[in-house]
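Enquirer: sequence and predicted structure are below.
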Amino acid sequence: MRGDNEKTMHEGHRQRLTDLAINAGVDNMSDVQVVELFLTYIFPRGDVNPLAHRLLEEYESLANIVDASVSDLARIKGINERSAKKIILFGDLFFHYTSSKMGKKTKVFCKADIIDIVEDNLRFRNTENMILLAISAGNIVTHKRRIKSDSSGQVSISVLELTNFLSTSKPASFVVAHCHPYGRSMPSGNDVEAFEMVKNLCETCGVNFIDSYIVGEDGVYSQQDERLVRSYCDVEQLKTLFSK
């Protein structure tokens with residue numbers, strides 16, 4: 001009987017969470033309630049409130065929870081490898097949702113529009129990620145692909161993969177970008193070599209290579225122009241600004 005009562009109680013709590021999200025809006029829920037609501041999609045039954053508290057104590061935010069690795073999440077009491085994989089897949093689902101919202105008819109009128117797309121997709125990643133953008137003759141972003149870093153933490157793409165992307169998307173112009181999480185945007189030696197490889201391949205394929213961008217904590221770096229094309233104020237800069 002106690003088990004039936006607990007089941008009814010948990011189901012009622014889940015329903016109240018859902019009603020709260022619908023009626024008040026997710027933005028008006030506490031962090032614990034948001035994580036708890038999220039966990040109901042991972043665990044179809046049971047009380048997930050204690051687990052929500054444990055996850056927030058460890059990771060501080062839903063974004064950090066979703067961005068964690070499978071092995072790291074599996075350390076937490078109440079999470080096994082299967083549920084950890086479900087959690088991190090939400091990151092890809094969120095990204096796919098954003099990409100779908102952008103759609104295949106996003107028109108770019110200038111380089112600033114392209115940098116906006118690059119920034120939206122890469123600025124707050126906590127591991128190295130790369131995006132490829134195929135742009136039509138009418139300046140429409142027709143194809144976008146994201147590549148996540150491998151186990152070494154560095155993201156890369158082979159000549160064959162890039163050739164296949166260009167051959168499938170048939171772009172008039174092409175943009176590649178990647179991020180340096182928690183680091184500056186200045187290109188490494190490998191970045192310079194990759195830039196030359198992409199540039200030469202695009203020339204061979206008859207595709208206009210617009211640029212290779214690197215997103216770091218200091219801003220967005222253009223490898224084509226060899227300079228920052230968008231700067232972010234850091235804490236020290238803000239202190240200087242407000243002290244004047």
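Expert: Received the coordinates, thanks. Numbers count the residues shown, from 1 in each chain.
Enquirer: only C-alpha atoms from now on, for both contacts and neighbour counts.
Expert: Fine.
Enquirer: what does stretch 24-31 rub up against?
Expert: By C-alpha atoms under 8 Å, 6 or more residues apart in numbering, the surrounding residues in contact with stretch 24-31 are 20-21, 34, 61-62.
Enquirer: out of those residues, which sit inside helices?
Expert: 20-21, 34, 62 (DSSP state H).
Enquirer: columns pLDDT, neighbour count and distance to D47 on top of these, output as JSON lines?
Expert: Output for the ones in helices among the contacts of stretch 24-31, formatted as JSON lines (pLDDT from 0 to 100; neighbours: other C-alpha atoms under 10 Å; distance: C-alpha to C-alpha, whole Å):
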{"residue": "L20", "pLDDT": "91", "neighbour count": "16", "distance to D47": "17"}
{"residue": "A21", "pLDDT": "90", "neighbour count": "17", "distance to D47": "18"}
{"residue": "V34", "pLDDT": "95", "neighbour count": "18", "distance to D47": "14"}
{"residue": "L62", "pLDDT": "93", "neighbour count": "18", "distance to D47": "18"}
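Enquirer: now those residues as JSON lines including distance to E203?
Expert: Shown next, in JSON lines, are these (distance: C-alpha to C-alpha, whole Å):
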{"residue": "L20", "distance to E203": "55"}
{"residue": "A21", "distance to E203": "51"}
{"residue": "V34", "distance to E203": "49"}
{"residue": "L62", "distance to E203": "43"}
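Enquirer: about what we covered before: and the two most separated of the contacts of stretch 24-31?
Expert: L20 and S61 (19.5 Å; C-alpha to C-alpha).
Enquirer: give me the three-state assignment for N126.
Expert: Secondary structure state of N126, per DSSP: H, G, I helix; E, B strand; the rest coil, is coil.
Enquirer: next one: phi and psi at the nearest residue to V66 once chain neighbours are set aside?
Expert: Using C-alpha to C-alpha, 6 or more residues apart in numbering and skipping residues adjacent in sequence, the residue nearest V66 is I88, 5.0 Å away. Backbone torsions for I88, taken as degrees, to the nearest 10, come to phi -70, psi -20.
Enquirer: and the gap between I88 and G12?
Expert: 27 Å (C-alpha to C-alpha, to the nearest Å).
Enquirer: tell me which of these two has more neighbours.
Expert: Taking neighbours as other C-alpha atoms under 10 Å, I88 and G12 compare with I88 leading, 17 against 12.
Enquirer: would you confirm that that one contacts D72?
Expert: No: between I88 and D72 there is no contact under C-alpha atoms under 8 Å: 10.9 Å.
Enquirer: break this protein into its domains for me.
Expert: According to automatic domain parsing, the chain comprises the domains 2-97, 103-236.
Enquirer: run a quick neighbour tally on L160.
Expert: By other C-alpha under 10 Å, neighbour count at L160 equals 9.
Enquirer: so what's I114 closest to, chain neighbours aside?
Expert: V108 (6.4 Å).
Enquirer: how near is the one you found to L160?
Expert: Counting by C-alpha to C-alpha, the gap from V108 to L160 is 27 Å.
Enquirer: tell me where this protein has helices.
Expert: 2-24, 31-42, 49-59, 62-67, 70-73, 81-102, 111-122, 159-169, 189-205, 235-243.
Enquirer: just checking, what packs against the fifth one?
Expert: Spelled out, that is helix 70-73. Packed against helix 70-73 by the contact rule (3 or more C-alpha pairs under 8 Å, 6 or more residues apart in numbering; DSSP states H and E) you find helix 81-102.
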